[in-house]
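*Asks:* With the sequence up front, the predicted model follows.
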Amino acid sequence: MKRFGVVLSAVAMAVGAAVMAGPAAAAPGVVLWGDSHGDWHRVENPNGCYDTPDGRYMNNRTLGVVTLYSSAGCKGQIVYKVAPGESVPPPAVYFESFEA
């Protein structure tokens, strides 16, 4: 019975920690992305998936990696991963969404 109490306490603590952690925090910084028309778009403190119709250029000014996808909704193939402080191109990329 004592062992059951220890296991139950551990489970309760794990659940409590998960609840207190809440959703993931936004990546501090800015993501700039450009489309094929030469228009630039800015996302402050990105958190999650963003559609980027006809994306061609990316400047990652956050502290995290930005993943570029071939389809909207962060679906399809991963096109490229842009490290913090990095930009593309090069290489030449074509993307429809990103996740940060």
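*Replies:* In hand now; what should we look at?
*Asks:* Near the nearest residue to Pro46 once chain neighbours are set aside, how many other residues are there?
*Replies:* Nearest non-adjacent residue to Pro46, counting by Cβ to Cβ, 6 or more residues apart in numbering: Ala100, 3.7 Å away. For every residue, glycine as well, the C-beta is placed using N, CA and C. Using other Cβ atoms under 10 Å, Ala100 has 21 other residues around it.
*Asks:* Ala100 touches Arg61, doesn't it?
*Replies:* No. Under the criterion of Cβ atoms under 8 Å, Ala100 is not in contact with Arg61, lying 10.8 Å apart.
*Asks:* All the helices of the protein, in order from the start?
*Replies:* With helices called from DSSP state H, the chain shows them at 2-21.
*Asks:* could you pull out the strands for it?
*Replies:* 29-35, 40-44, 49-62, 66-71, 75-82, 87-88, 95-99 (DSSP state E).
*Asks:* Those strands into CSV, with extra columns for mean neighbour count and mean pLDDT?
*Replies:* Output for these, formatted as CSV (neighbours: other Cβ atoms under 10 Å; pLDDT from 0 to 100):
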stretch, mean neighbour count, mean pLDDT
strand 29-35, 17, 97
strand 40-44, 13, 97
strand 49-62, 18, 97
strand 66-71, 20, 98
strand 75-82, 16, 97
strand 87-88, 17, 94
strand 95-99, 22, 97
